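S.K.: have a look at this fold, sequence not included:
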């Protein structure tokens, strides 16, 4: 009997958040367990109950949210992960991870894990092309973090440019590759 592989999916506040719903569904169809960690900003765009319904598991949103739980959530999630997937990943979350800033559940989990971390950027093309964002991505790649996308397409501002979340099928393909 083989152990089910577990993905910790970090969801941040990009308009591409709607694709994360499909991503959860597709990962589960592939036989993977999915634990969702949402940033506070992501909760402004979609409610955690949506991811709970799709994943069939509780959604994690805050550090120390379960005061009665013995396990420290970010450490337990980091240990449980066969892969940490951040999709969509904003410029903000990429910068925080690159700088070692651990000020929320997602950044602490990403810092504490020994599992591969796969980051899927989704942001405005100017934010993606920004030299600081590019330096942060370069730094993370040098440290062994993996990236998928972004793709070229219609952005939230209406322009066509690079910054769209990679297609769900491609993200799932890469997840399978790294686990």
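M.R.: Nice, I can see it. The structure displayed is predicted, hence computed values, not measured ones.

S.K.: show me where the protein has its helices.
M.R.: 17-29, 48-55, 73-80, 91-98, 105-112, 125-129, 131-142, 168-178 (DSSP state H).

S.K.: what sits up against the shortest one?
M.R.: When contacts are defined by C-beta atoms under 8 Å, 6 or more residues apart in numbering, helix 125-129 is touched by residues 91, 121, 133-134, 150, 155, 159, 161-163. Placement of C-beta: from N, CA and C, glycine included.

S.K.: how about a markdown table for these, with distance to residue 169 and pLDDT added?
M.R.: A markdown table is the format used below for the contacts of helix 125-129 (distance: C-beta to C-beta, whole Å; pLDDT from 0 to 100):
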| residue | distance to residue 169 | pLDDT |
| --- | --- | --- |
| 91 | 24 | 97 |
| 121 | 17 | 98 |
| 133 | 25 | 98 |
| 134 | 26 | 98 |
| 150 | 15 | 95 |
| 155 | 20 | 84 |
| 159 | 24 | 89 |
| 161 | 21 | 90 |
| 162 | 19 | 94 |
| 163 | 19 | 93 |
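
S.K.: okay, and the helix or strand of this structure with the least pLDDT?
M.R.: helix 73-80 (a mean of 76; mean pLDDT, DSSP states H and E).

S.K.: so which elements touch that one?
M.R.: If contacts are counted by 3 or more C-beta pairs under 8 Å, 6 or more residues apart in numbering; DSSP states H and E, helix 73-80 sits against strand 6-11, strand 33-38, helix 105-112.

S.K.: OK, contacts around the residue nearest to the spatial centre of the chain?
M.R.: The centre of the chain sits closest to residue 86, judged by C-alpha atoms, centre = their mean, with a distance of 1.4 Å. By C-beta under 8 Å, 6+ apart, the contact set of residue 86 is 9-12, 93, 106, 110, 117-120.
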